[in-house]
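J.: Just a sequence and a predicted model for now, questions to come.
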Amino acid sequence: MLFPQSVHSDQPLTYMALGPITPGADIPDIRGLYAGPDMNGLEQTPAWTPTHSPLLLEHAQNTYLHPGLTGYRIAQGPEGIQAGRSWSPRFLVEGQPEQTDDSLTIQARDEDAQLGLETRVEAMAGGSLRIRHTLRNLGADPYLVEDLEVRLPLDDQQTQILDFVGRHERERSPQRHDLADGAWVREFRWGRTGFEGPVVMVGTPGFNFHHGRVLCVQPAWSGNTVLRVDRNSTTPAGISAGELLLPGEVVLSQGQEYSTPWIVVTASDHGMDPIMNSLHAWERTLPEHPREQPVILNVWEAIGFKHDFDTLRDLADRAARIGVERLVLDDGWFHLRRDDTAGLGDWWVDPAVWPHGLEPLVDYVHKLGMQFGLWFEPEMINPNSDAFRDHPEWVMRASSRTPELQRNQLVLDLTNPQAFNHVLEAMTRVLESCQVDYVKWDHNRDLLEAGSQAHGGAPAIHEQTLAYYRLLDTLRARFPEVEWESCASGGGRIDLGVIEKIRRFWNSDMTDALSRQLIQRWTEQTVAPEYIGAHISQPSSQQTGRTYSLDFRAATAVFGSMGIEWDIRQASEDDLERLKEWITWYKANRGFLHSGRVVRLDLADPSVLAHGVVAPDRSRAILAHVQLDESLHNRGVYLRIPGLDPKARYRLAWTGPAKPRASLEHLDPTGPLGIAEVTGTYLERVGIRIPRCQPETIRLIDLVRV
């Protein structure tokens, strides 16, 4: 954990690393670990060599890397505007830190610069920490904040960087770099979280899921962010993180404050899986955490914009028959919305399509015993809409020119109170008109030239992000029974800020099961599987055209928040019966799958993935062996399963509706080890050998302690 080293009044704000956060632990006891004058609380042996390292880099402290605070004071002097004063602060601690069982708060001040700084460290359930700075302007003249970042120290052996690249329908793909002198910087300027996910892990070379010393840092924020890893010839390496501020976004008058987003820090001595499990443990303590995710049928890939009551009634009947628990009406129900060129901003039910409103469909779905969900895109507006024609000034733009269209739409300026209230009240009327149980909240474009016309075109992504949170929070308070999903062209807004407000993420618009295996695998690095919407697509993917068996598509979906994205009117009776079997299996096992410890196995064969869930008491596990493609050899793979009870004995059996066929895959139909019982130590060190299997197939294994 990170705690102050010899913090006294009038001393620099300096910290030391006391080693990795223990993964999977309860909330760490911060009380008593403050290193006061007598150095009490430092009896534990550090997991790496303690080094003095500031949580805020300061040029005044003989540091020549990017400062943690960049900004300056603006004053009106006798010769005109004076800018550039107070640009190099040196903060000294005031008094003693304030400590509780799970937090530490330190006040610091620079009298010359007339700035105050509060640094707060909080322990999170599961063993992670979150840290934020709050800067206060104590002077009479305005202070322009350019950036404010939290910095975390790295071990000198942590020299490999892993972060993510991504795009629409291919979110969060890992990439690695070697750390060198200089700065590695990732800027996320999309105006929303982005398809990459602003997260960085730095560890010992070759670190993987279960080996290596790794530090993970990510901002809990849904707007622009920045991550940097840097070092030079005199300063050891560290990771800095914060909000990426556009010019002039934060100008502090006297007494005003600016806080960084929470920067979430997780460390592990045993690879990336403990980091993942630490974050999952925290997420499962959140008030909005989904206790049991229902099976969803989203009708988008079935009907698109062609809304028709009789068609939807047919879909609802079939869905209820196979065990679906929630039907979601996607894009296309509101004014003018016959395609994606019109209607955004006009949030009222289109009588041309729904002459009696949505109530007949909603009532019908509820009578079938299912919940009803509805799609919105509150932050967007089409040029072809009544809202735009009446209020063109509600569009975000930096100047008189209109930003380039994306998906035929522009961004609505929620920092404008009139635009904010228009959306709030329009959505309120819809949600009051019928019983909506669930809202899919979408966000289908990036924020380009996102200035506010209410402020002369000044950048407003910071305030727009806060306005989005405020709009969502206001609606949550008005409709506490409604569950909310975060969608942004799929997985474009998945982060540890919005997760405190929602119960589900739409992980990707890519529903191709083969692509989803990797997208879901890496999304789980920071998000528990029960939050991740994972749907069974139609046999041939709309996105890729590839065709898979129903069993492969279903076995890919059951580990997440399972749903269906398929026109099941086109499914055969055999397919519907098979879907029902998978839904029944999911319902019987979701409580286990969404409460256990996720494990991902490191395998030598890149054509094979393996992942699963282990019960908290280690009494059971469910594991998936996924043959993605043809292997280059016939050796098969060994699945070595960590985290079981080493002395207990386990019996293994195939599970799920799709049981391996011995004649086809050369597997014992009774289980991967036949009727043998083996210890947890055996399963971790020797493992289960699975021979080469057919591509695009999955085997589910149930391990039960006997």
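T.: Perfect, thanks for sending it. Residues are numbered from 1 along each chain as shown.

J.: ok, now how distant is the closest residue to Gly126 other than its chain neighbours from Thr266?
T.: Spatial nearest neighbour of Gly126, chain neighbours left out: Ala281 (2.9 Å); criterion: C-beta to C-beta, 6 or more residues apart in numbering. Heads up, the C-betas are built off the backbone N, CA and C, glycines and all. Plainly put, Ala281 is 10 Å away from Thr266 if you go by C-beta to C-beta, to the nearest Å.

J.: Looking at those two, which is more packed in?
T.: Thr266 (29 against 21; other C-beta atoms under 10 Å).

J.: Got phi/psi on that one?
T.: When read as degrees, to the nearest 10, the backbone of Thr266 gives phi -140, psi 130.

J.: now the residue nearest to Gly126: how far from Ser515?
T.: Taking C-beta to C-beta as the measure, Ala281 falls 28 Å from Ser515.

J.: Check Ser53 too.
T.: For Ser53, the distance to Ser515 - C-beta to C-beta - is 40 Å.

J.: Kindly report the same for Val165.
T.: Separation of Val165 from Ser515 (C-beta to C-beta) stands at 15 Å.

J.: The two: which is more packed in?
T.: Taking neighbours as other C-beta under 10 Å, Val165 and Ser515 compare with Ser515 leading, 19 against 14.

J.: picking that back up, wait, is the residue nearest to Gly126 part of a helix?
T.: Yes: the assignment for Ala281 by DSSP: H, G, I helix; E, B strand; the rest coil puts it in a helix.

J.: On the pLDDT front, check it for me.
T.: In this model, Ala281 is scored at 98, pLDDT.

J.: residues touching the spatially closest residue to Ala183 that is not a sequence neighbour, list them.
T.: Leaving aside its sequence neighbours, Ala183 sits nearest to Asp230 (C-beta to C-beta, 6+ apart; 3.9 Å). Neighbour list for Asp230: Leu65, His66, Gly182, Ala183, Trp184, Val185, Ala237, Gly238, Ser240 [criterion: C-beta atoms under 8 Å, 6 or more residues apart in numbering].

J.: Extract the CA atoms of whichever helix or strand Asp230 is part of and return them as PDB.
T.: Using DSSP states H and E, Asp230 falls within strand 225-231. What follows is strand 225-231, C-alpha atoms only, in PDB (Å, rounded to 0.1, in the frame of the first residue of the first chain):
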ATOM      1  CA  THR A 225      -8.100  10.900 -19.400                       C
ATOM      2  CA  VAL A 226      -4.300  10.600 -19.600                       C
ATOM      3  CA  LEU A 227      -1.900   7.900 -18.500                       C
ATOM      4  CA  ARG A 228       1.900   8.200 -18.500                       C
ATOM      5  CA  VAL A 229       4.800   6.000 -17.600                       C
ATOM      6  CA  ASP A 230       8.100   7.900 -17.400                       C
ATOM      7  CA  ARG A 231      11.600   8.000 -16.000                       C
END
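
J.: what about it, distance to the chain center?
T.: Distance, stretch centre to chain centre, for strand 225-231: 19 Å (C-alpha atoms, centre = their mean, to the nearest Å).

J.: and after that strand, which helix or strand comes next?
T.: Heading C-terminal from strand 225-231 (DSSP H and E), you reach strand 238-243.

J.: Whichever helix or strand comes after that following strand - what's its average pLDDT?
T.: Next helix or strand after strand 238-243 toward the C-terminus (DSSP H and E): strand 250-252. The average pLDDT for strand 250-252 rounds to 98.

J.: hmm, back to that, quick one: strands adjacent to the strand holding Asp230?
T.: strand 182-188 (antiparallel), strand 238-243 (antiparallel) (DSSP bridges).

J.: Which strands border the following helix or strand past the longest one, and is each parallel or antiparallel?
T.: Spelled out, that is strand 182-188. As assigned by DSSP H and E, the chain's next helix or strand after strand 182-188 is strand 200-203. Sheet pairing of strand 200-203 (DSSP bridges) gives strand 160-167 (antiparallel), strand 214-220 (antiparallel).

J.: Just name the most buried of these.
T.: strand 214-220 (a mean of 26; mean count of other C-beta atoms under 10 Å).

J.: Let me see the mean pLDDT of it.
T.: Mean predicted lDDT for strand 214-220 stands at 98.

J.: Restricting to C-alpha, output that strand in PDB.
T.: Presented in PDB, the C-alpha positions along strand 214-220 are these (Å, rounded to 0.1, in the frame of the first residue of the first chain):
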ATOM      1  CA  VAL A 214       2.400  -5.900 -11.500                       C
ATOM      2  CA  LEU A 215       1.000  -2.500 -10.800                       C
ATOM      3  CA  CYS A 216      -2.300  -1.500 -12.400                       C
ATOM      4  CA  VAL A 217      -3.500   2.200 -12.500                       C
ATOM      5  CA  GLN A 218      -6.700   3.500 -14.000                       C
ATOM      6  CA  PRO A 219      -8.800   6.700 -13.700                       C
ATOM      7  CA  ALA A 220     -12.400   6.200 -12.600                       C
END
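
J.: Just the residues contacting it, thanks.
T.: Residues from elsewhere that reach strand 214-220, judged by C-beta under 8 Å, 6+ apart: 20, 130, 152, 154-155, 158, 197-204, 207, 225, 227, 239, 241-243, 260-268, 271-272, 275, 495-497, 526.

J.: Next: stretch 629-644.
T.: With contact meaning C-beta under 8 Å, 6+ apart, stretch 629-644 is reached by 210, 273, 597, 599, 601, 603-605, 607-608, 610, 612, 614, 618, 621, 623, 625, 650, 680, 683-692, 695-696, 701, 703.

J.: Go again with 6 Å.
T.: Residues from elsewhere that reach stretch 629-644 (C-beta atoms under 6 Å, 6 or more residues apart in numbering): 210, 601, 603, 605, 607-608, 610, 614, 618, 680, 683-684, 687-692, 695.

J.: Test my guess that Pro691 contacts Asp668.
T.: No: using C-beta atoms under 6 Å, Pro691 is not in contact with Asp668; the gap is 10.7 Å.

J.: what do those two both touch?
T.: Between them, Pro691 and Asp668 share no contacting residue, judged by C-beta under 6 Å, 6+ apart.

J.: how about the nearest residue to Ala60, chain neighbours excluded?
T.: Among residues not flanking Ala60 along the chain, Arg90 sits closest, at 3.8 Å (C-beta to C-beta, 6+ apart).

J.: Kindly provide the distance from the one you found to Arg231.
T.: Taken as C-beta to C-beta, the span from Arg90 to Arg231 is 22 Å.

J.: what about these two, which has more around it?
T.: Arg231 (19 against 16).

J.: is it true that Leu683 lies in a strand?
T.: No: counting by three-state DSSP, Leu683 falls outside a strand, being helix.

J.: count of neighbours near the closest residue to it other than its chain neighbours?
T.: Setting aside the residues directly before and after it, Leu683 is nearest to Ile641 in space (C-beta to C-beta, 6+ apart), at 4.7 Å. Using other C-beta under 10 Å, Ile641 has 22 neighbouring residues.

J.: Sweet, I'm off.
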